[in-house]
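# predicted model follows, preceded by the sequence.
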Amino acid sequence: MFQNYFKIAWRNLLRNRAFSAINITGLAIGLASCMLISLYVLDELSFDRYNEKADQIVRVIFKGTMQGGKINEAHVMPPTAQTLKVDYPEVLEATRLRQAGAPTVIIADKQYTGDYMAFVDSNFFQVFTLPLLKGDKKTALAEPNTLVLTKKMSETYFGSQDPIGRIIMFKGSKTPFKVTGMIDKVPENSHFHYEIFASMSSFEDSKSPSWMISEFFTYLVLQKGYDYKKLEAKLPLAVDKYVGPQLKTAMGVTMSEFKKSGNNIGLYLQPLTDIHLHSDFGYDLGNNGDIKYVYIFGAVAMIMLVIACINFMNLSTAGASRRAREVGVRKVMGSQKKELIGQFLLESTLLFSIALVFAIVIGLAALPLFNQLSGKNLNMQFSQISAFLPQLLLFGLIIGILAGSYPAFFLSSFKPISVLKGKVTTEKGSISLRSGLVVVQFFISITLIIGTTVVYQQLKYIQNKKLGYNKNQVLVLPDAWALGKNQDAFKQELLRDQRVVSISSSSFIPAGPSYSNNYMVYPDDKNTQLVKTLRYDVDASYIPTLGMEMASGRNFSKDFGNDSSGVILNETAAAMLGWKNNALDHRITNTNNEGNKGTFRVIGVVKDFHFRSMHEKITPLVMVLSKDAGTMIVKMQAKDASGLLAQMKRQWNQFKPEAPFSYSFLDERFNNTYQAEQKTGLILGVFSGLTIFVACLGLFGLATFTAQQRTKEIGVRKVLGASIGSIVVLLSGEFLKLVTIALILASPAAWYLMTEWLQDFEYKINIEWWIFGVAGALTVAVALLTVSYQSIKTALIDPVKSIRME
């Protein structure tokens, strides 16, 4: 019987080639989209889960408010790890990581740059699952001045030789480091990525007892099954116990006085598996994701599949008249309803299976492009597909049965006497259901179009918003430190070129990765009004080079000998210190945990500029005069940029620096800050187009069936004098009505969803009415184009032929 069902199903697919092609195409696109996005979602959700103790590890973070300004940091104080381990028995292990940048490695007479290093505690490899290929994870970093390398770095430095016991030197240090271990690599789905791990005991500040500085990323291993919230509830007592006394020493205020002034600080815990998708820190160990985008893309994957399934259901029920006589004959010959249902379910499952094969082929072909769009390095190899083949087949079977259930029950319910007499009527309920499904399809499509438009408008707003500095024609040389004592000579060489406008030496860049120093200050003698700011070390050329404007006062200048004791505030800092309109000549005091104080006079206020992303408010900033910098910022003229870069490279090489010439443009660094939003816009744009395409495939099929069912009616209308235009309007109007209903329903839903998305930005657009108008006009135009072809084709048929056909 099954063989007979299969033959009938195969013949039916071949007989109705157009129906089959539309369904298979729509399903293949829907399934391929679902597979690709599922790969992305699963990769995002897999971060840090490679660790055997992933469910036991939490990160200690630092949050609070000071004078209304928020503190939100992923790193904490040096003694935090050991203190929490000693004081709380539920903490089994505690380990720390402190970034060390990308130092120049010296081996024999060769130098290597660009490889990132971190200082870690000796138990780091016992907490994180990074198996050592060589060395012992328990003792590899037990001694000062020891290193663990990745296999890649070992091969770079030592080739095929055994790295254990080899000596490495770092530029600027006379201390030799010994290689004591080697790991394969840090997995891509880790929230940190380093090539070199050095013993924490090699880093002087690691032994600091200070609770007033926070530079250490700290991780705790808790008892299995322990609720971290219980430990988190105990941490306020630890803050009072350890931070309080040092606060008193540094600021002269008790913790209670500090809190009464409206300030509040505390330690909190973050599960390891939440770090990648649930972090919103200004500074972290890598480029984290966002759980919102996982939800968005997961929803898009389901949407693509739902739209494809709706097409199948609509086309199957709309084409019922073609199968009606077959159903009637088979019922008269003794077929039971359950046998007919089985036949139709087999047909739908077969169609889905064919679509699944095409979907795998499309997915493999589209994966490189999808990787480019998403910024991922996802794989879908044949070995993986064969391993998951049973699951894929089961998936196709389930979807085929679910999507084919309604058509199967609908078709098998025909009464044999009626259909054999040619009286095939479509129930009003089935028409209403088909219309409802069409509305759902276009509701989803219009929502995605509006969402994509809002994303692009927000990105356009970010690009055009006044930043408070000029990001155009600005070159950043991050490795100026490699010139050593020749930095000034190189700078003077550049300034002789007429294409160079000005140059500043500062490692504090307002866009992209940059140094970031926290600075605790209070105004005049009001030591209870502590304000947390960022400190920028700049030279006198910094403000003019970046095109910033002074709100009051003056810039740093060589004409004033005492500017080393002066500071420039941004407008936000001036307001938070209580000097919104009269900050000049006031004094700010900075203290450390030993109680040593530094007092500075305000010589100017710079207009607020965006030195972080538009997701965050502009926070207080203090600029101090400094000559020491490892980065140069070059303002150049627009003409002959390539020629200037070639000349700069030649001049750079003349000084034989320790690093090759490298550069980036400030506007590119700014754009890279919004990569996540750009990727979201691109992916939404692509899948919006695909949803419209799949929906229109179904609409085309429905229009075809509708035209065929109304052929006699159209012939009669033409005989009675109906024009071709009126017939086209008649056939198209029903579908355009459904699209209009979808637009009316989708507009408020899209407005709500995109308003929620925009809440992530402190600086954002207003969603204008025209966005909904454009989305509606585009959808109506595409739908009209889709149905008009079939409507015009039907309207042009000779009425005599159409009546005779009936």
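Here it is on my side, so go on.

# only C-alpha atoms from now on, for both contacts and neighbour counts.
Will do.

# centre-most residue in this protein?
Taking C-alpha atoms, centre = their mean, the centroid of the chain lies closest to Ala676, which sits 3.8 Å from it.

# now that residue, what's its secondary structure?
Following DSSP: H, G, I helix; E, B strand; the rest coil, Ala676 is assigned to helix.

# any idea which element the closest residue to it other than its chain neighbours lies in?
Closest residue to Ala676 apart from its sequence neighbours, by C-alpha to C-alpha, 6 or more residues apart in numbering: Gly289 at 7.9 Å. Assigned by DSSP states H and E, Gly289 belongs to no helix or strand.

# Gly289 touches His276, doesn't it?
Yes: counting by C-alpha atoms under 8 Å, His276 is a contact partner of Gly289 at 5.5 Å.

# shared neighbours of these two, anything?
The contact sets of Gly289 and His276 overlap at Glu44 (C-alpha atoms under 8 Å, 6 or more residues apart in numbering).

# quick revisit: roughly how far apart are the residue nearest to the centre of the chain and Ala81?
Distance, Ala676 to Ala81, using C-alpha to C-alpha, to the nearest Å: 33 Å.

# ditto for Asp205
As judged by C-alpha to C-alpha, Asp205 and Ala81 stand 14 Å apart.

# neighbour-wise, which of the two wins?
Each of Asp205 and Ala81 has its neighbours counted (other C-alpha atoms under 10 Å); Ala81 has more, 21 against 13.

# if I look at that one, how far off is Arg98?
Distance of Ala81 to Arg98, given as C-alpha to C-alpha: 13 Å.

# so Gly289 and His276 - more neighbours on which side?
Per other C-alpha under 10 Å, whichever of Gly289 and His276 has more neighbours is His276, with 24 against 19.

# tell me which residues touch the closest residue to that one other than its chain neighbours, please.
Distances taken as C-alpha to C-alpha, 6+ apart place Asn288 nearest to His276, at 4.8 Å, with adjacent residues excluded. Counting by C-alpha under 8 Å, 6+ apart, Asn288 makes contact with His191, Ile275, His276, Leu277, Ser279.

# so among the residues you listed, which ones count as buried?
Buried members of the contacts of Asn288, counted by 16 or more other C-alpha atoms under 10 Å: His191, Ile275, His276, Leu277, Ser279.

# okay, the first one and Ala81: tell me how far apart.
The one in question is His191. Applying C-alpha to C-alpha, the value for His191 to Ala81 is 19 Å.

# and what of Gln675?
With the distance defined as C-alpha to C-alpha, Gln675 ends up 34 Å from Ala81.

# element containing Leu697, please.
helix 675-709.

# below-threshold pLDDT in the stretch 201-350 of the chain: ranges please.
The stretch 201-350 of the chain contains residues with pLDDT under 70 at 282, 314-344.

# and the helix or strand containing Thr218, how far from the chain's centre?
Secondary-structure element containing Thr218, defined by DSSP H and E: strand 217-222. Distance, stretch centre to chain centre, for strand 217-222: 26 Å (C-alpha atoms, centre = their mean, to the nearest Å).

# note down every partner strand of that strand and its orientation.
Applying DSSP bridges, strand 217-222 is found paired with strand 57-66 (antiparallel), strand 91-99 (antiparallel).

# then it to CSV, C-alphas only?
Below are the C-alpha coordinates for strand 217-222, written out as CSV (Å, rounded to 0.1, in the frame of the first residue of the first chain):
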residue,chain,number,x,y,z
PHE,A,217,38.9,40.3,35.7
THR,A,218,38.0,37.9,38.5
TYR,A,219,36.3,34.5,38.3
LEU,A,220,35.0,32.2,41.1
VAL,A,221,34.2,28.5,41.0
LEU,A,222,31.2,27.8,43.2
